[in-house]
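# Below is the sequence, then the predicted model.
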Amino acid sequence: MQIALDRADRKLLIGALALMVLLVAATAMLAPPDAAPAPSASSYSPGTTGAKATYTLLGELGYKVERWSQPLTELPEPPDGATLVLADPFAGSPGKEDDESLMRFVRRGGHVLFAGAYASPFLPDAFSKLVKPWQAGETTYPSVAVSPITRGAPQITMASTVFWSGAIGHEIPLYARDANAVVVTYSVGKGQVIWWASSMPLTNGGITKTGNLTLLLNSLGPPGTSPVLWDEYYHGERLGLTGYLSGTPAPWMLLQAGVIYLFLLLAFGRRTGPARMPTVESRLSPLEFVETLGALYKNARATSGAVETVWQRFRYLVCTRLGLSPTAPIRELFDAARERLGWHEPGLFETLQRAERGARDPGINDQEALQIVESLEHYAGLLHLNRGRTEEKRTWQTR
């Protein structure tokens, strides 16, 4: 049995299908690809700049390595010699509480290995300066100090865009070239901070370079003694349902479900809601005449004509009220108002003069014309010129 659709239902169905096609196309173009590149130095990434191979190797060498996907405020206390690896963090900057927690973690005996250019948001006074363009390539850096971190690694290989320029005061440069340090260490309380200018020595593609693996192992210490926390929180791995769903197609599914629900709600309300007659504005509204007349004056640039209309009406009302000739001069109008109506307030004579000049001035601007019209209406109300005859007659009877 064929179901007949009226014209309104057919339009609604076509609109819903068109919107669904647009949503599908938008999902295909804007949704993140399944194989999106992982962040640099991430323990999940098998790419050249990732660190999955390094993370796996540390576990095979006996290190108690684990991924850290929580804020810095959740760092263990006491740290028990734990080492936190912050490698190229990029997902947001730490807040004041995070900085305080990180420094408390170090002062109580924790170790921090920071690898990357932007250390100052995490480590106070750990500043860096940009290298010159021809110094940013892959370079070998010799050790410049005797330290457990440089043991067995007389030189390392690193491609860095920054050099150390911090203001700690007691930092020790470990690897440098021409006084440009790329590996620095300093103590904070019972703990230690190790700064690398680049995360290259711990990446999948850089760990095999000269001296890099030895540098990493020396920076972490002997295996099996204390846990190594590999930060993934600042790589975008956030615990929680919202953070998990943000990386899945769930938001797009919820958006499509919401649009479909809205269409169903509109369709149901259209058929079952109360029927109301549309409000039709009367074309006999007084405001329509006022707006039309105002538009005509504006398009014709006849501002003086509008002033003249109001002025002639005011003059007619005053002359009728005082029994004067319609052509009576302004001085006579003012004197009659003062003598017969007892009007002694200042400003009326000046307003009458401005009105007469404005009615004859074709170059008068809109602002001045509006002030003149408002003044005339104001005095018309004060002189009771707008009252009807019945009200005026009643007033004279009561006198």
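Nice, thanks for sending it over.

# Looking at the residue nearest to residue 105 when sequence neighbours are not counted now. What's its pLDDT?
Nearest residue to residue 105, sequence neighbours excluded (C-beta to C-beta, 6 or more residues apart in numbering): residue 75, at 4.5 Å. Just so you know, the C-beta spots here come from the backbone N, C-alpha and C atoms, and that holds for glycine as well. pLDDT for residue 75: 92.

# What is the burial count for residue 75?
21 (other C-beta atoms under 10 Å).

# now swap in residue 206 and tell me
Neighbours of residue 206 (other C-beta under 10 Å): 24.

# again with the one 3 residues further on
The criterion is other C-beta under 10 Å. On that basis, residue 209 has 18 neighbouring residues.

# and the closest residue to it other than its chain neighbours, backbone torsions?
Of all residues not flanking residue 209 in the chain, residue 157 sits nearest, at 3.6 Å (C-beta to C-beta, 6+ apart). Torsion angles at residue 157 (phi, psi; degrees, to the nearest 10) stand at phi -120, psi 130.

# Residue 157 contacts residue 139, doesn't it?
Yes: with contact defined as C-beta atoms under 8 Å, residue 157 reaches residue 139; the gap is 7.4 Å.

# Which residue ranges of the chain form helices?
7-30, 52-60, 96-107, 212-220, 241-245, 250-272, 286-299, 303-322, 330-340, 348-360, 366-382, 389-398 (DSSP state H).

# what helices or strands is the fourth one leaning on?
The reference is to helix 212-220. Helices and strands touching helix 212-220, by 3 or more C-beta pairs under 8 Å, 6 or more residues apart in numbering; DSSP states H and E, are strand 155-159.

# And the strand it packs on, what does it pack against?
strand 138-142, strand 172-177, helix 212-220.

# any idea of the pLDDT on residue 274?
For residue 274, pLDDT reads 69.

# and what of residue 173?
Reported pLDDT for residue 173: 95.

# Beta-bridge partners for the closest residue in space to it that isn't next to it in sequence, please?
Closest residue in space to residue 173, ignoring its immediate chain neighbours: residue 181 at 3.8 Å, by C-beta to C-beta, 6+ apart. Note on residue 181: beta-bridge partners by DSSP bridges are residue 176.

# Kindly report the same for the one 10 residues further on.
Beta-bridge partners recorded for residue 191 (DSSP bridges): residue 188.

# Count the neighbours of it for me.
Around residue 191 there are 21 residues (other C-beta under 10 Å).

# Report the contact partners of it.
Going by C-beta atoms under 8 Å, 6 or more residues apart in numbering, residue 191 touches 79, 105, 106, 107, 108, 109, 110, 111, 112.

# Give me the buried entries from these.
Among those, those classed as buried by 16 or more other C-beta atoms under 10 Å are 79, 105, 106, 108, 109, 110, 111, 112.

# what's the nearest residue to the fifth one if we skip its chain neighbours?
Taking C-beta to C-beta, 6+ apart as the measure, residue 109 lies nearest to residue 190, with 4.2 Å between them; neighbours along the chain are not counted.

# just the first one next, same as before
Distances taken as C-beta to C-beta, 6+ apart put residue 110 closest to residue 79, at 3.4 Å, once the chain neighbours are dropped.

# I figured the one you found hits residue 77, correct?
No: taking contacts as C-beta under 8 Å, residue 110 lies outside contact range of residue 77: 9.0 Å.

# hmm, back to that, how about the helices and strands packed on strand 155-159 in JSON lines, adding distance to residue 17 and mean neighbour count?
As requested, the helices and strands packed on strand 155-159 are exported to JSON lines (distance: least, C-beta to C-beta, whole Å; neighbours: other C-beta atoms under 10 Å):
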{"stretch": "strand 138-142", "distance to residue 17": "56", "mean neighbour count": "15"}
{"stretch": "strand 172-177", "distance to residue 17": "64", "mean neighbour count": "20"}
{"stretch": "helix 212-220", "distance to residue 17": "58", "mean neighbour count": "21"}
